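*Asks:* What would the 3D arrangement of this be:
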Amino acid sequence: MCALKGQISFLYIKYSIMTKTTYKAYRYRWVILAVFMLISIVIQLQWLTHAAVERPAEVFYHGQFNPNSFFNIDFLAMVYMLVYIIMSFPASYIIDTYGIRKAIGLGAIIAAVSGLLKGFYADSFLIVVIAQIGLAIAQPFVLNAVTAITVRWFPLRERGLAAGLAILAQYLGIIFAMLITPAFIGTNPSLPGYGSGFPHMLMTYGWITFGAAVVTLLLLKEKPPTPAAADDLVRQSFYKGLKHILKQRDMILMILVFLVGLGIFNAISSMTDSISANLGVKDSNGLIGGLMLIGGIFGALIIPALSDKYRMRKRFMVICTVGALPGVLGLSLTGYIVHNPAVVYDIALASAFILGFFIMSAGPVGFQYAAEISYPAPETISQGLLLWIGQISGLLFVAGMSIHNNKFLNDWMILFSILMPVVVGLTLMTKESSMIITEKDKMKVEG
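*Replies:* Okay, the predicted model is just below:
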């Protein structure tokens, strides 16, 4: 009944506003998206600077921390998730209350300062941790604004694609961290200079982050002169919207889907070098994480665009969760079935690509689906809630995988194989977004 009332309300508001307002998609929306993608790339690049090179990092920072404690190299990735849990809702409130330009701008400034601090004091593990906390604080001001950007600047028929490109930027940042970082470091333990490249790498990333922040502050705008669509004009207050969201059955199901799916992605992304070592890979080459991200790039370009074209969100979410299942199974169970290390590694690489393609394309489709089914609640709340719950589970997963020098990593990977079919079942229980079905999208588009 609540969903029906919400849909009737939406149609009434849409009809009333469309008779009085001109809607237009401006070319500058692509500039806005490009700027947002740039700052997203550097935020994610900073997240996993040490994840793909954990073993040489332990050599470089030898004596500055206890490898068997919680405060270790893995903590640099985990702190992003830990801080996100604390900062997600305040960031969403600021985005919703003060607008995307001020909120993202604040995140960009914090990221610039923290990135340079990380570079200038690269040889101090304590200072690197402090700087990483600053970068983690900046993250939700950017991450939680994806659907806010798409709603303010893009017509409904382009929002899945726009969200896909925005999420794609995050994947690009992660893949740069996975594939480019090892080239800076020196990852072959048998060669001189093993792990000596951290100061140069972190300083380079710091200046890149600073440059991206300057571009963001100069080019990012709050909204176009006229709205992109009727649903941009009507929104509930932050607290009323949160209450509305938590009453939606399909939103609760999506929260459960992201609790497991995003948590698995965060855990595997944070532990790629440990997973590689567990599979018998001697060199920290980042290929497993890199192929997962490459798969995610293709998925983020293809799946959300198809979701827009066919006016379907649920069906493509089902495709994504079903498709991710063999990827998780390949990474988790291959070592128990195949005993040739070379074959195990090849299967792991293929599994990583498959997992990335499907589970990472589920993000933008899921965010847009959540924004539509929870209308007229602010989209920052629905997206922030999904990211928040995925960070909690990701943090718990990483903590469980990394304790006692990764003693239980295999057990957690098997658990992921058991949980993924549950995710498929939860996705099948959702209903299609009524907003995207009824949207006629008659806006005038410039150019």
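*Asks:* Okay, now the unreliable bits of this structure?
*Replies:* For the chain, the stretches with pLDDT under 70 are 1-22, 67-70, 186-193, 228-236, 280-286, 434-447.
*Asks:* switch to 50 and redo it
*Replies:* For the chain, the stretches flagged by pLDDT under 50 are 1-19, 440-447.
*Asks:* what's the longest helix in it?
*Replies:* helix 379-406 (DSSP state H).
*Asks:* Return the set of buried residues in it.
*Replies:* 379-395, 397-399, 401-402, 406 (16 or more other Cβ atoms under 10 Å). Any C-beta I mention is one placed from the backbone N, CA and C, and that applies to glycine too.
*Asks:* which secondary structure elements does that helix contact?
*Replies:* Packing partners of helix 379-406 (3 or more Cβ pairs under 8 Å, 6 or more residues apart in numbering; DSSP states H and E): helix 75-98, helix 125-143, helix 146-153, helix 238-245, helix 249-270, helix 272-278, helix 362-373, helix 409-428.
*Asks:* Let me know which of those helices is tucked in deepest.
*Replies:* Greatest average neighbour count among the helices and strands packed on helix 379-406 goes to helix 362-373 (a mean of 29), per mean count of other Cβ atoms under 10 Å.
*Asks:* Return the list of helices and strands in contact with that one.
*Replies:* The contact analysis (3+ Cβ pairs under 8 Å, 6+ apart) places helix 362-373 against helix 146-153, helix 156-179, helix 249-270, helix 287-309, helix 314-337, helix 379-406, helix 434-438.
*Asks:* how about the fifth one: buried residues?
*Replies:* Right, the one you point to is helix 314-337. The neighbour-count check on helix 314-337 (16+ other Cβ under 10 Å) flags 314, 316-325, 327-335 as buried.
*Asks:* distance between that helix and the chain's centre?
*Replies:* Relative to the centre of its chain, helix 314-337 is centred 19 Å away, using Cα atoms, centre = their mean, to the nearest Å.
*Asks:* That helix - contacts with which helices or strands?
*Replies:* Where contact means 3+ Cβ pairs under 8 Å, 6+ apart, helix 314-337 is packed against helix 249-270, helix 287-309, helix 341-359, helix 362-373, helix 409-428.
*Asks:* May I see those organised as a markdown table, with distance to residue 65 added?
*Replies:* A markdown table is the format used below for the helices and strands packed on helix 314-337 (distance: least, Cβ to Cβ, whole Å):
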| stretch | distance to residue 65 |
| --- | --- |
| helix 249-270 | 17 |
| helix 287-309 | 22 |
| helix 341-359 | 28 |
| helix 362-373 | 32 |
| helix 409-428 | 20 |
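*Asks:* nearest to residue 58, of these?
*Replies:* Proximity to residue 58 (Cβ to Cβ) singles out helix 249-270 among these, at 15.4 Å.
*Asks:* tell me the angle that closest one makes with helix 156-179.
*Replies:* 20 degrees (axes from the mean of the first three to the mean of the last three Cα atoms, to 10 degrees).
*Asks:* Compute the inter-axis angle for helix 249-270 and helix 341-359.
*Replies:* On the basis of the same axes, to 10 degrees, helix 249-270 is oriented at 150 degrees to helix 341-359.
*Asks:* And the helices and strands packed on helix 314-337: which comes nearest residue 34?
*Replies:* The nearest among these, by Cβ to Cβ, is helix 287-309 at 15.2 Å.
*Asks:* Show me what counts as buried in that closest one.
*Replies:* 287-300, 303-308.
*Asks:* Which of the helices or strands spans residue 214?
*Replies:* Assigned by DSSP states H and E, residue 214 belongs to helix 198-219.
*Asks:* Please spell out which residues along that helix are buried.
*Replies:* Buried residues in helix 198-219, counted by 16+ other Cβ under 10 Å: 198, 201-203, 205-206, 208-210, 212-213, 216-217.
*Asks:* so can I have CSV of the residues you listed showing distance to residue 55?
*Replies:* Below are these laid out as CSV (distance: Cβ to Cβ, whole Å):
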residue, distance to residue 55
198, 13
201, 15
202, 17
203, 22
205, 20
206, 23
208, 25
209, 25
210, 29
212, 29
213, 31
216, 34
217, 38
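*Asks:* With respect to residue 253, which of those is nearest?
*Replies:* Using Cβ to Cβ, residue 216 comes nearest to residue 253 of those, at 34.6 Å.
*Asks:* Residue 63 in helix, strand or coil?
*Replies:* Of the three states, residue 63 takes coil under DSSP: H, G, I helix; E, B strand; the rest coil.
*Asks:* Distance of it relative to residue 199?
*Replies:* For residue 63, the distance to residue 199 (Cβ to Cβ, to the nearest Å) stands at 17 Å.
*Asks:* just residue 25 next, same as before
*Replies:* If you measure residue 25 against residue 199 using Cβ to Cβ, the figure is 45 Å.
*Asks:* Over to residue 44?
*Replies:* Note on residue 44: its distance to residue 199, by Cβ to Cβ, is 21 Å.
*Asks:* So which of the helices and strands packed on helix 362-373 is nearest residue 92?
*Replies:* helix 379-406 (3.8 Å).
*Asks:* and the angle from the closest one to helix 249-270?
*Replies:* 40 degrees.
*Asks:* now helix 379-406 against helix 75-98, angle please.
*Replies:* Using the same axes, to 10 degrees, one finds that helix 379-406 and helix 75-98 are set 170 degrees apart in direction.
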